[in-house]
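[1] Here's my sequence, what's the structure:
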Amino acid sequence: MNEALSSIEDVKIIFDVGANVGTTVKRWRVAFPAAKIFAFEPISTTFRMLREKTRTMAGVRCFRVALSDTGGEGIMRAVPGGVCNRLLTDTDARPSHVQNVLITTGDAFCSENHIEQIDFLKIDAEGNDLKVLHGFRNMLTERRVRFVQVETGVNFDNHTHVNLVEFLKLFHEMGYGLVELYDPVRRNPPKKMRQRGMYFANALFAAEDLSDREQKLANKEARLVRRAARAEVVNARQLVGPRWAQTWFTRLLSGIQEIFRTSPIRAKSRNALH
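    Numbers count the residues shown, from 1 in each chain. Model (predicted):
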């Protein structure tokens, strides 16, 4: 494990998206022994190998589901134990090994499992990494993911991985900075040769602290939410009849949603993801 990763402190929650047979899960377990690890692997045969490899590891939970930008079902390339399995689009050629898989988003999973913060999010989705990130849009725009590792192309001959330029733009607009590139691969398959420059590598991004202006806006937003909630409580006490609770709750939600909808910070973050 490289120095940047090993220096991350107070790691409690790790997501391994594209865990395969558990090689990286084992690495995270050794490096962060107290962390809870959520490992995602949708291919049935590979999932069985993952579960078998991690069954004696405390704090590791395995989920047979793919993460993307929408929920539902999809078709994946499904070579047992293969490292290039990925979700297929309607225009992709169908390989000999495919499998129907369940799909969810990172935000939906976190909401359903009451996860408020992810300390380390590792994504290895064989070119679908941007869709996985879009599925975490709420967690990311609210900077509730501290560190993100993605596999990125750093050579324009590489059409398999998302290019580093796209990651840099997206993460910058969401308030994340590039920490380091590591584990580079210098073999260029299209040219069938090894090069001095990188072909693809792992990239580590970190959530930056809010600027003074952003922090002031966030504090103002929080005060407005609290004020709206107090005002609705007062109004609710003045309501009579059996429907007062429903009416109060509806008005409270509408007020809070309007505040967040017009928030400058959230507007900027939403623009980064569209």
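[2] isn't Ala125 right up against Gly135?
    No. Using C-beta atoms under 8 Å, Ala125 makes no contact with Gly135, being 10.3 Å away. Heads up, the C-betas are built off the backbone N, CA and C, glycines and all.
[3] Tell me which stretches of the stretch 51-200 of the chain form helices.
    Residue ranges of the helices in the stretch 51-200 of the chain, as given by DSSP state H, counting those that start in this stretch, are 106-112, 129-135, 137-141, 164-174.
[4] so the closest residue to Arg61 other than its chain neighbours bridges to which residues?
    Once flanking residues are discounted, Arg61 sits nearest to Phe38: 5.5 Å by C-beta to C-beta, 6 or more residues apart in numbering. Beta-bridge partners of Phe38, counted by DSSP bridges, are Phe15, Arg61.
[5] list the contacts for Phe38?
    For Phe38, the contact set (C-beta atoms under 8 Å, 6 or more residues apart in numbering) comprises 13-16, 61, 63.
[6] returning to that earlier point: common neighbours of Ala125 and Gly135, please.
    Residues touching both Ala125 and Gly135 (C-beta under 8 Å, 6+ apart) are Leu67.
[7] so who does Pro42 touch?
    Residues counted as contacts of Pro42 (C-beta under 8 Å, 6+ apart) are 64-66, 76, 99, 101-103.
[8] again, but for Cys110
    Counting by C-beta under 8 Å, 6+ apart, Cys110 has contacts 116, 118, 136, 139.
[9] Give me the pLDDT value at it.
    Listed pLDDT for Cys110 reads 95.
[10] could you check the distance from it over to Lys53?
    For Cys110, the distance to Lys53 equals 25 Å [C-beta to C-beta, to the nearest Å].
[11] Likewise for Glu151?
    Taken as C-beta to C-beta, the span from Glu151 to Lys53 is 21 Å.
[12] now do Phe136
    For Phe136, the distance to Lys53 equals 26 Å [C-beta to C-beta].
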